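Peer 1: Sharing a sequence plus its predicted fold:
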Amino acid sequence: MSAIIWLLIIAAFILAFVGLVVPVIPGILLMWIGFFLYHFMIDDSKLSWFFWIVMMILTIATLVSDYVAGSYFVKRYGGSKAGEITAAVGVIVGSFVIPPFGVIIVPLIAVLLIELIMLKDPVRAVKASIGSLFGFLASTLAKFLILLIMVIWFLIAINV
């Protein structure tokens, strides 16, 4: 039975990383499922209250990174507030339209179109659109590093 639980934990962790490129997969939720499986099915004494608090903080950081990175880069590259919002919505819509590439292509095109309408300046529109791409990449890198820290911390906590 323990081996099956471990396989489920490993699968949850792997799928959490897959969720970085396929946003329809709730990566951070799968990470927590892995933690809960271990805690409730294998050993409820290894993961301390400090572990749980840090995991909550890291979870919040992953959720915030999506919005902060996308907004920051669109704004930094000359985009409007509408472009920032479009980038965030584009990532969500793109994950359903043509996964996994939709999360890159849809915001890129959507921000370009919105900025062309709002700014009427093709050069700034292209820059803002590229900013949405950089925002996605920065957010994905941040989430990857946070997920990696979570897995490593988990392994240390359970003394593997």
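Peer 2: Done, it's in.
Peer 1: Only C-alpha atoms from now on, for both contacts and neighbour counts.
Peer 2: Fine.
Peer 1: Name the helix or strand of the chain that has the lowest mean pLDDT.
Peer 2: Every helix and strand of the chain was ranked by mean pLDDT, DSSP states H and E. The lowest is helix 81-97, at a mean of 83.
Peer 1: roughly how far out does the helix or strand following that one sit from the chain middle?
Peer 2: Next along the chain after helix 81-97, taking DSSP states H and E as the criterion, comes helix 102-119. Centre-to-centre, helix 102-119 and its host chain are 20 Å apart (Cα atoms, centre = their mean, to the nearest Å).
Peer 1: what helices or strands is the next helix or strand after helix 102-119 leaning on?
Peer 2: Counting by DSSP H and E, the element after helix 102-119 in chain order, helix or strand, is helix 122-157. Counting contacts by 3 or more Cα pairs under 8 Å, 6 or more residues apart in numbering; DSSP states H and E, helix 122-157 is packed against helix 2-18, helix 27-37, helix 49-76, helix 81-97, helix 102-119.
Peer 1: Reformat those into JSON lines and put mean neighbour count and distance to residue 144 next to each item.
Peer 2: JSON lines is the format used below for these (neighbours: other Cα atoms under 10 Å; distance: least, Cα to Cα, whole Å):
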{"stretch": "helix 2-18", "mean neighbour count": "16", "distance to residue 144": "7"}
{"stretch": "helix 27-37", "mean neighbour count": "21", "distance to residue 144": "10"}
{"stretch": "helix 49-76", "mean neighbour count": "17", "distance to residue 144": "9"}
{"stretch": "helix 81-97", "mean neighbour count": "21", "distance to residue 144": "17"}
{"stretch": "helix 102-119", "mean neighbour count": "22", "distance to residue 144": "16"}
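Peer 1: nearest to residue 141, of the ones you listed?
Peer 2: helix 49-76 (9.6 Å; Cα to Cα).
Peer 1: The helices and strands packed on helix 122-157: lowest mean pLDDT?
Peer 2: With a mean of 83, helix 81-97 has the lowest mean pLDDT of the helices and strands packed on helix 122-157.
Peer 1: what's next to it, contact-wise?
Peer 2: By Cα atoms under 8 Å, 6 or more residues apart in numbering, the residues outside helix 81-97 that reach it are 22-24, 66-67, 70-71, 74-75, 100-108, 110-111, 114-115, 118, 128, 132.
Peer 1: Same check on stretch 108-120?
Peer 2: 79-80, 82-84, 86-87, 90, 121-122, 124-126, 128-130, 132-133.
Peer 1: Let me see the contact set for residue 29.
Peer 2: Counting by Cα under 8 Å, 6+ apart, residue 29 touches residue 16.
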